[in-house]
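**Student:** After the sequence you'll find the predicted model.
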Amino acid sequence: MTILENYFRKLHARYGVNYVSQAQMSEIAELFGCSIRNTRNMLNRMSENEWLVWQARAGRGRHSSLRLLMTPDMLFNKNVNEMLANQDVGKMLKFIGQEKHLLEQMIQYQFGASGEGSETRVRIPYYRDLDTLNPLRPLRRTERHLLRQCLSGLTRYDPVRMEIVPDIAHYWSHDPSYTAWEIYLKPTAMFSDGTPIRASEVKRCLDRACAAPWFSSLSRLIARIDTIGDYRLLITTKTPVKHMDYLLATQPALIFEQQQVMKCSGAFALTHKQEGFITLRRNNHYHQARPMLSEITVFTWAPKSISMSFIPVLHGDEPGNENLIEERRLEHGSCFLMIDEAGVFAAPEARRFLNKILQPVEILDNSELPIEYGTALSQALGLLPEWNHRCVDFGAQPPTYAARRKVIIATYQQPELVQLGHAIARILKRQHFDAVVDVLPFDAFSTAQNQQADLWLTNFMINDLSPHALLDWLAPDPVFKRLPQPYIAAWQQLQFDLMNVELGESKACVESFFKALTSQRWVIPLFHHWLELKSEKSFGWRDVNTLGWPDFSQLWLD
């Protein structure tokens with residue numbers, strides 16, 4: 001808040017708005033706590049800004065006429081509107097400062113979709129800062145969604161047709177042994193700066209993907225990548241891969257060039273990324289149908305009215321809009337606890353003990369989560385809602401084998417996980433364990449190699465049950481490297497199997513793996529999330545992912 005605005009608030013507190021008041025200059029100077037000369041300057045500036053009408057009268061002791069034209073809240077809204085109109089997001093966030101309660105009152109007006117001429121923008125409030133959109137590092141679900149708005153792969157999954165379809169690739173073929181794949185590129189594909197996407201750039205991206213340590217379990221099957229001219233690639237594999245198109249649709253295989261700014265290949269281009277907001281702008285060189293949206297801006301903002309299970313992407317201009325489409329659905333994923341193979345609870349009887357005492361309702365009773373979470377969560381019996389893998393353990397199982405030993409619960413900086421981690425620690429302390437919660441930044445949690453813990457508390461959510469979405473989750477997830485060696489081998493084999501089975505069989509492969517983990521109590525499912533999807537009827541889209549955000553490239557305004 002500026003000094004001028006602070007003075008204006010003092011005037012409003014004394015004289016109100018839209019009332020003609022008689023006041024002496026000396027009275028206002030005393031209210032401001034400054035000289036009469038400075039007071040006169042401040043009033044003149046407010047008048048020039050059309051905040052008030054000030055009619056001064058010359059002469060000592062004479063009263064002047066004062067009428068305020070707006071309230072401080074109206075002034076605040078006016079300033080924010082001007083900054084948003086000028087796309088000066090950084091300045092706006094600094095301007096907000098400590099007045100976040102005022103911005104919360106404006107959310108229905110300032111967030112959502114707005115159109116002016118041929119420009120249609122969407123502004124989205126989100127509860128946390130977004131991580132860097134780097135396809136070669138593990139990403140959270142929101143970042144994965146936004147990344148796929150900016151980058152295309154050689155292939156992609158079509159959720160309506162429920163199959164892998166060409167993207168930058170025009171078509172592909174393979175030899176009878178499934179060890180040599182020839183990929184033909186679309187000559188029309190370009191980066192966001194207008195430069196063509198040629199085979200050499202694609203090869204460079206795929207080579208980087210093969211070298212990314214977090215996705216090494218996927219790239220280990222590729223022997224070499226060669227280019228044939230500008231628009232052909234030859235990928236040779238060490239063993240038969242029946243569905244290279246699945247692998248080419250995964251996150252690390254997305255096509256981009258990282259220079260001073262990222263050269264994007266998708267429907268949108270990343271134009272701004274700094275603390276507090278991220279902006280995506282329509283890519284005018286996109287090789288498929290250009291999106292109708294011009295711009296998407298995601299703000300970091302977490303008032304009480306925004307929950308992690310409701311993202312108000314699209315809504316009307318008026319609060320309390322009655323033309324809303326509402327839907328609730330369970331996510332494809334869950335929050336779960338995994339027991340470290342080298343930790344305190346690795347023994348079979350210890351795993352059964354944990355499975356007994358860590359009941360979802362008991363964990364919530366010991367957490368400080370708001371009571372509203374009772375409608376946002378569902379108890380999990382498996383990692384996906386349709387699975388029923390968690391065993392019921394009952395009877396006396398005293399923890400004498402490890403009582404009073406230190407227990408480390410590792411999780412990452414996500415508000416819900418932190419609360420659940422401390423709740424689990426409280427339950428273990430009542431069982432005479434010295435339990436502590438180690439809260440790591442997501443980047444450290446997902447990439448650290450030497451982090452030690454007895455229990456790993458994490459979650460996942462995938463957009464769909466396609467092989468590429470399952471691979472995007474399984475390949476970089478660090479917790480599976482903490483399993484006993486036979487399960488690590490099975491985890492790696494599962495990824496290979498997903499690239500060699502048909503779409504309809506992939507879910508069964510994943511279920512078989514996690515049924516074994518859960519029945520042996522290495523994995524303890526805890527919660528699923530109910531997702532609330534809301535939008536105004538004038539907006540439409542072809543598909544919505546399980547985060548509740550649409551594919552922005554498919555959005556249209558009726």
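**Tutor:** Yep, it's here. Remember, predicted model here, so these are calculated numbers, not experimental data.
**Student:** What does the pLDDT read for the nearest residue to Arg137 once chain neighbours are set aside?
**Tutor:** Excluding the flanking residues, the one nearest Arg137 by C-beta to C-beta, 6 or more residues apart in numbering is Trp214, at 6.3 Å. All C-beta atoms are positioned from the backbone trio N, CA, C, and that covers glycine. Note on Trp214: pLDDT of 92.
**Student:** before we move on, what about Thr227?
**Tutor:** Thr227 is assigned a predicted lDDT (pLDDT) of 96.
**Student:** How many residues are close by it?
**Tutor:** 17 (other C-beta atoms under 10 Å).
**Student:** where does this protein have low pLDDT?
**Tutor:** Along the chain, the parts satisfying pLDDT under 70 run over 1, 58-62, 81, 83-117, 301-327, 397-403, 532-549, 556-558.
**Student:** Distance of Arg9 relative to Ser35?
**Tutor:** Computed with C-beta to C-beta, to the nearest Å, the distance linking Arg9 and Ser35 is 20 Å.
**Student:** Just want to know which of the two has more residues nearby.
**Tutor:** Arg9 (13 against 10).
**Student:** if we can go back for a sec, can you classify the residue nearest to Arg137 by secondary structure?
**Tutor:** Secondary structure, DSSP: H, G, I helix; E, B strand; the rest coil: Trp214 is helix.
**Student:** List the contacts of it.
**Tutor:** Contacts were defined as C-beta atoms under 8 Å, 6 or more residues apart in numbering; by that measure Trp214 touches 136-138, 446-447, 475-476.
**Student:** what do you get if the cut-off is 10 Å, keeping everything else the same?
**Tutor:** 136-139, 251-252, 446-447, 475-478 (C-beta atoms under 10 Å, 6 or more residues apart in numbering).
**Student:** Phe8 now?
**Tutor:** 1-2, 42-43, 45-46, 49, 51-52, 68, 70-72, 75.
**Student:** let's see 7 Å
**Tutor:** Going by C-beta atoms under 7 Å, 6 or more residues apart in numbering, Phe8 touches 46, 51, 72, 75.
**Student:** so the second one touches Arg67, yeah?
**Tutor:** No: taking C-beta atoms under 7 Å as the contact criterion, Trp51 and Arg67 are not neighbours in contact, 10.5 Å apart.
**Student:** neighbour count winner among these two?
**Tutor:** When neighbours are counted by other C-beta under 10 Å, Trp51 and Arg67 differ, and Trp51 comes out ahead with 22 against 15.
**Student:** Please tell me how far the more buried one sits from Phe32.
**Tutor:** From Trp51 over to Phe32 (counting by C-beta to C-beta), the distance is 14 Å.
**Student:** Kindly report the same for His170.
**Tutor:** With C-beta to C-beta as the criterion, His170 and Phe32 are 70 Å apart.
**Student:** Name the residue closest to the centre of this protein, please.
**Tutor:** By C-alpha atoms, centre = their mean, the chain has its centre lying nearest to Thr142, at 2.4 Å.
**Student:** Would you mind listing the residues in contact with the closest residue in space to Leu11 that isn't next to it in sequence?
**Tutor:** By the measure of C-beta to C-beta, 6+ apart, the closest residue to Leu11 outside its immediate chain neighbours is Leu68, 6.3 Å from it. Taking C-beta under 7 Å, 6+ apart, we find Leu68 in contact with 11-12, 15-18, 52.
**Student:** Nearest to Glu349 among those residues?
**Tutor:** Within the contacts of Leu68, the smallest distance to Glu349 is 68.7 Å, found for His12 (C-beta to C-beta).
**Student:** Could you report the neighbour count for the closest one?
**Tutor:** Neighbour count of His12, defined by other C-beta under 10 Å: 19.
**Student:** Glu82 now?
**Tutor:** Residues near Glu82, counting by other C-beta under 10 Å: 12.
**Student:** Check which helix or strand it maps to.
**Tutor:** helix 72-85 (DSSP states H and E).
**Student:** For that helix, name the packing helices and strands.
**Tutor:** Under the contact definition 3 or more C-beta pairs under 7 Å, 6 or more residues apart in numbering; DSSP states H and E, helix 72-85 sits against helix 3-15, helix 89-96, helix 100-110.
**Student:** angle of it against helix 3-15?
**Tutor:** 150 degrees (axes from the mean of the first three to the mean of the last three C-alpha atoms, to 10 degrees).
**Student:** Tell me what Arg281 is bridged to.
**Tutor:** Legend: beta-bridge partners of Arg281 under DSSP bridges are Ala269, Glu295.
**Student:** Against Ile427, how distant is it?
**Tutor:** For Arg281, the distance to Ile427 - C-beta to C-beta - is 48 Å.
**Student:** residues near the nearest residue to Lys515 once chain neighbours are set aside, how many?
**Tutor:** Leaving aside its sequence neighbours, Lys515 sits nearest to His389 (C-beta to C-beta, 6+ apart; 4.9 Å). By the criterion of other C-beta under 10 Å, His389 has 18 neighbours.
**Student:** tell me the contacts of His389?
**Tutor:** His389 neighbours (C-beta under 7 Å, 6+ apart): 381-382, 514-515, 518-519.
**Student:** Highest neighbour count among the residues you listed?
**Tutor:** Thr518 (23 neighbours).
**Student:** ok, it - contacts?
**Tutor:** Contacts for Thr518 were tallied using C-beta under 7 Å, 6+ apart; they are 382, 389-390, 525.
**Student:** would a markdown table of the residues you listed with secondary structure and distance to Val122 be doable?
**Tutor:** Below are the contacts of Thr518 laid out as a markdown table (DSSP: H, G, I helix; E, B strand; the rest coil; distance: C-beta to C-beta, whole Å):
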| residue | secondary structure | distance to Val122 |
| --- | --- | --- |
| Gly382 | coil | 35 |
| His389 | coil | 39 |
| Arg390 | coil | 39 |
| Pro525 | strand | 34 |
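**Student:** can you tell me which of those lies nearest to Leu503?
**Tutor:** Nearest to Leu503 out of those is Gly382 (C-beta to C-beta; 20.8 Å).
**Student:** Wait, that closest one touches Asn388, no?
**Tutor:** Yes: using C-beta under 7 Å, Gly382 makes contact with Asn388 at a distance of 5.8 Å.
**Student:** Let me see the ranges of the helices in the stretch 401-550 of the chain.
**Tutor:** Here the stretch 401-550 of the chain has its helices, by DSSP state H, counting those that start in this stretch, at 415-430, 442-447, 467-474, 485-498, 503-519.
**Student:** other SSEs contacting the third one?
**Tutor:** This points to helix 467-474. Taking 3+ C-beta pairs under 7 Å, 6+ apart as the contact cut, helix 467-474 packs with helix 485-498, helix 503-519.
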